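Engineer: sequence plus predicted model, see below.
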Amino acid sequence: MTDPSQERRADAQRMAELAVSARAGESRAAQRIVDRFVEQATARGIAPVPLEATQLDGRRVRTDRIGWYVNKKQTLAIGTGGEWFVLQVPTSWMSRFTGVKLQPSPPELVVARGGRDGESGDLQEFLDRVLAGR
């Protein structure tokens, strides 16, 4: 007979592994969509712009990247190399002068999942709006 607490730990471990695997699969699928968007935006002559990030205090600061904003609030963007950027950064008085260096994040198929600002939805729909100029 096995220990029930060991079984629960093993089940929890399996669930965690499945969740990581699912996120990785979603990210790979989203990256294909992002890469296709970069190709289409470039082919259509939609110029990338210098990206700005929003600090937690609401101030906008320049970044070291160029790309395309994904949403109206300009809190998500795609870099020219297909990188996915979350443009909300910690507040820093120094970054107002120096800007911030962005680090890419894994893209998701659902933009702003769980967000309460009414600006969440399917990644492809957001990118179609950018390509349509809306």
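Structural biologist: Perfect, I can see it now.
Engineer: show the low-confidence segments of the protein, by residue range.
Structural biologist: Scanning the chain for pLDDT under 70 picks out the ranges 1, 19-22, 113-118.
Engineer: for it, what's the longest helix?
Structural biologist: Determined from DSSP state H, the single longest helix within the chain is helix 4-43.
Engineer: tell me which other helices or strands that helix touches.
Structural biologist: Applying 3 or more Cβ pairs under 8 Å, 6 or more residues apart in numbering; DSSP states H and E, one finds that helix 4-43 makes contact with strand 76-79, strand 84-86, helix 123-132. Heads up, the C-betas are built off the backbone N, CA and C, glycines and all.
Engineer: does Arg60 have beta-bridge partners, and which?
Structural biologist: Thr54 (DSSP bridges).
Engineer: next up, phi/psi of the closest residue to Asp64 other than its chain neighbours, please.
Structural biologist: In space, and not counting its chain neighbours, Asp64 is closest to Lys101: 5.0 Å by Cβ to Cβ, 6 or more residues apart in numbering. Here is the backbone geometry of Lys101 (degrees, to the nearest 10): phi -100, psi 120.
Engineer: just give me the neighbour total for Lys101.
Structural biologist: Around Lys101 sit 11 other residues, with neighbours defined as other Cβ atoms under 10 Å.
Engineer: one more: the one 10 residues further on?
Structural biologist: Per other Cβ under 10 Å, the neighbour tally for Val111 reads 21.
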